[in-house]
Every structure is written in structure tokens, then in C-alpha cells.
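Student: Predicted model, plus sequence, below.
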Amino acid sequence: MLLSGQNLGIEFNNSSLFSGVDITINAAEAWWLKGANGAGKTTLLKLLSKLTKPSQGKVQFHGPAQRRGAVIYLHQQPYLFAGSVRQNLEFGLGSLKLSRSQRQQACQQALHAAHLEHLEHRCAQVLSGGERQRLALARAWVMQPQLLLLDEPTANLDPESVTLITEMVAQLQQQGCAIVVTSHQQTPLTELCQQRWQLQGGQLRIQA
């Protein structure tokens, strides 16, 4: 088990967005989190990553997910630092116990996987939408996460970026990383998901 959440709920302005949510996520599982706009999908992902504190209940990381950087949340519009593409990749690696040569190798592998080698020294802030999303995923990929939470990761992206992102996520999954994906429509990325959740009416249900 990587993550568990018991009786999770959250309120805004004395109104319940969802409540009584119980979740268990195991290694290499892939979940498609579905729900209408405003149902609370993004909020739930932030709760699971501990970026937001629930109004009730508790989220716990277990085993390898307790390592720093093991659980990563990626927003649809990712935040990138003002430095170069490579500097963005190197930032997270500073928290891992790696030699200089290991960090360099990890960066090169991530650049190759995301097809960003030719943009290595370009400022991240001037990248296109697809390039920005690929860099954000590469920055997560290089950390070798145990659980990756993806919030509408392929919305409005070009087909090449969708393909590359799907390939990178699939590789992480093959290495044991669990994934949770939110998306309003079926995509190559949601096709990786063997299991589905439906968030509706303040309740989370497993969908057949």
C-alpha cells in the first residue's frame, strides 16, 4: 500500500464539497478519476498529495511513498521556475542523495524521454503549452515517484505531446509507480487506467 485516506471530507464556506471518502492506492495501480466540473476532483488530488488539509479525515503515506518527493501532484497549468529547462529538472534532484554524475545522467534521460534535448538551455517560461507540460512531467519523472497525481494532463495539447506524456507515464507505471488521472474524456493516458472512480454528489464510488 502506498496511500490510504479515511473518511475524507472538505468544506468551503460551510458547504460540503465531498465527504466520507475512503481511498486506498497500491503500487502500480492506475485510476481514472471522473466527475463533472466543480465535483471536487482537483481538490481531492490536492488532499491526496497533502497540499490541502481535509476538513475531516486523514491521508497517510505508506512504505516507499513516505520518501520525500515520492508523491507528486501535477496541475493542468504547471508552475515552472524562471530558469532554464535543465535548471528546472535539476531543482528537485537536489533533495535526493545522488552523485553529480547520477544527477547529470538522470537529467539527460528525462530530457530524452520528453524530447526536450534541443531546449535544454532555453528559459522554461517561453515554452509552448505542450513543452511546458512535458517539462513538468519530466521534472516529476526524474524524481522517480511512487505515486503520480495528474490533473487534466493532456487538455489542449498537441498529439505529439499527448503521446510523449503517455509513454513517460507508462514507463513510470511499469516501474511500480501508481497513477491517478483526471480527465473529462477518454485519452491515450486514461487508457492506461484499469480502474475508475466517479466523484458525484459529494461521494466517491468505484465505477465498473
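Tutor: Received, thanks. Numbering: from 1, shown residues only.
Student: Quick check: D151 touching L45?
Tutor: Yes: assessed by CB atoms under 8 Å, D151 is found in contact with L45 at 5.5 Å. For every residue, glycine as well, the C-beta is placed using N, CA and C.
Student: Give me the common contacts of the two.
Tutor: Residues touching both D151 and L45 (CB atoms under 8 Å, 6 or more residues apart in numbering) are 73, 182.
Student: Name the residues that touch stretch 57-68?
Tutor: Contacts of stretch 57-68 (CB under 8 Å, 6+ apart): 1-9, 21, 27, 47-48, 50, 70-71, 95, 146-147.
Student: Pull out the buried members of the residues you listed.
Tutor: 2-5, 8-9, 21, 27, 47-48, 70-71, 146-147 (16 or more other CB atoms under 10 Å).
Student: Keep only those of these that are in strands.
Tutor: 3-5, 8-9, 21, 71, 147 (DSSP state E).
Student: Present these as a markdown table; the columns should include distance to S161 and pLDDT.
Tutor: Formatted as a markdown table, these follow (distance: CB to CB, whole Å; pLDDT from 0 to 100):
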| residue | distance to S161 | pLDDT |
| --- | --- | --- |
| L3 | 28 | 98 |
| S4 | 33 | 97 |
| G5 | 31 | 96 |
| L8 | 32 | 96 |
| G9 | 35 | 96 |
| V21 | 32 | 96 |
| V71 | 24 | 97 |
| L147 | 23 | 98 |
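Student: With respect to S55, which of those is nearest?
Tutor: Nearest to S55 among these, counting by CB to CB, is G9 at 5.4 Å.
Student: Just say helix, strand or coil for the nearest residue to the closest one once chain neighbours are set aside.
Tutor: Leaving aside its chain neighbours, G9 sits nearest to S19 (3.5 Å; criterion: CB to CB, 6 or more residues apart in numbering). The assignment at S19 comes out as strand when based on DSSP: H, G, I helix; E, B strand; the rest coil.
Student: got a pLDDT number for S19?
Tutor: pLDDT, S19: 95.
Student: what does E11 give?
Tutor: 94.
Student: Three-state assignment for L149, please.
Tutor: strand.
Student: actually T24, not the one I wrote
Tutor: strand.
Student: What residues are bridge-paired with the closest residue to it other than its chain neighbours?
Tutor: Leaving aside its sequence neighbours, T24 sits nearest to S4 (CB to CB, 6+ apart; 5.2 Å). Counting by DSSP bridges, S4 is bridged to T24, Q60.
Student: Check which element follows the one helix or strand in the chain whose mean pLDDT sits lowest along the chain.
Tutor: Every helix and strand of the chain was ranked by mean pLDDT, DSSP states H and E. The lowest is helix 85-93, at a mean of 89. Next helix or strand after helix 85-93 toward the C-terminus (DSSP states H and E): helix 100-113.
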